[in-house]
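# Predicted structure and sequence below. I'll ask about it afterward.
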Amino acid sequence: AQSVTQPDIHITVSEGASLELRCNYSYGATPYLFWYVQSPGQGLQLLLKYFSGDTLVQGIKGFEAEFKRSQSSFNLRKPSVHWSDAAEYFCAVGQGYTGGGADGLTFGKGTHLIIQP
Amino acid sequence: DGGITQSPKYLFRKEGQNVTLSCEQNLNHDAMYWYRQDPGQGLRLIYYSQIVNDFQKGDIAEGYSVSREKKESFPLTVTSAQKNPTAFYLCASSTQGNLLGNTIYFGEGSWLTVV
């Protein structure tokens, strides 16, 4: 079964500093990887996704992520964070369309990002 | 604007009652999903539906039921058999087809509290 690990429950970063959120996955075949962001009491917004091709993926809001197959990782990065980036971030892995159809995503437990002024 | 609408945003349930959470999408997506979110637990899949009149159990389907009579609607009923229903519920949808790794889009969520 596929699984996702986000090792950091909370991360505190100063405004303007760089950010890296870690994500490790376990999946037997080629993974489809996603990062979502959630503001308190809201739904999830897609930041970026990796399906194939270039392992460095650009997303919205200045975020990027790099897929490293050898490390089973898909870490999210941003060169300079803003106070508005404070939120919960979720990494997810999906197996896409199998013979039985799409069956949703498997999510990590999330990383809570705190921005210090 | 296209999107996924969940209602109500906040719902209170008495012990022993069934409640139904509504989810409507106008994105013309074939697949729809229900997730449950608890603090520190991430999201867990309750049910999903690939097409009208078909749905499958997810990881935590016990105590829940769904229907998919229309493409745009996927209501979730939280039954009295669900012993710990207080949570944040998220509905989602995605396109279907031969493309692998379909992106899933989420609604704004519904808070359910047992009183």
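Received it, and whenever you're ready, just let me know what you need.
# Okay, and the beta partners of the nearest residue to A:Pro31 once chain neighbours are set aside?
For A:Pro31, the nearest residue in space outside its immediate sequence neighbours is A:Val93; the separation is 4.9 Å by C-beta to C-beta, 6 or more residues apart in numbering or on different chains. Glycine gets a C-beta too; all of them are placed from N, C-alpha and C. Counting by DSSP bridges, A:Val93 is bridged to A:Leu33, A:Thr106.
# give the contact list for A:Val93.
Going by C-beta atoms under 8 Å, 6 or more residues apart in numbering or on different chains, A:Val93 touches A:2-4, A:25, A:27, A:31-34, A:105-106.
# what does the strand or helix carrying B:Thr77 contact?
B:Thr77 is part of strand B:76-78, with elements assigned from DSSP states H and E. Contacting residues not belonging to strand B:76-78 are listed as B:13, B:18-21, B:23, B:34, B:46-47, B:63-66, B:85, B:89, B:91, B:112 [C-beta under 8 Å, 6+ apart].
# following the helix or strand of chain A with the lowest mean pLDDT, which helix or strand comes up?
The helix or strand of chain A with the lowest confidence, counting by mean pLDDT, DSSP states H and E, is strand A:105-107 at a mean of 86. The C-terminal neighbour of strand A:105-107 among helices and strands, as given by DSSP H and E, is strand A:111-116.
# Remind me what that next one packs against, helices and strands.
Judged by 3 or more C-beta pairs under 8 Å, 6 or more residues apart in numbering or on different chains; DSSP states H and E, the packing partners of strand A:111-116 are strand A:10-14, strand A:19-21, strand A:87-94.
# Now name the helix or strand holding B:Thr113.
Secondary structure assignment for B:Thr113, by DSSP H and E: strand B:110-114.
# hey, C-alpha coordinates of that strand in PDB?
The C-alpha coordinates for strand B:110-114 follow below in PDB (Å, rounded to 0.1, in the frame of the first residue of the first chain):
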ATOM      1  CA  SER B 110     -18.100  21.100   6.300                       C
ATOM      2  CA  TRP B 111     -17.600  21.000  10.000                       C
ATOM      3  CA  LEU B 112     -19.700  18.400  11.800                       C
ATOM      4  CA  THR B 113     -20.000  18.400  15.600                       C
ATOM      5  CA  VAL B 114     -21.900  16.000  17.700                       C
END
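# Report the mean confidence score over it.
In this model, strand B:110-114 has a mean pLDDT of 93.
# partner strands of it, parallel or antiparallel?
Under the criterion DSSP bridges, strand B:110-114 sits next to strand B:10-13 (parallel), strand B:87-94 (antiparallel) in its sheet.
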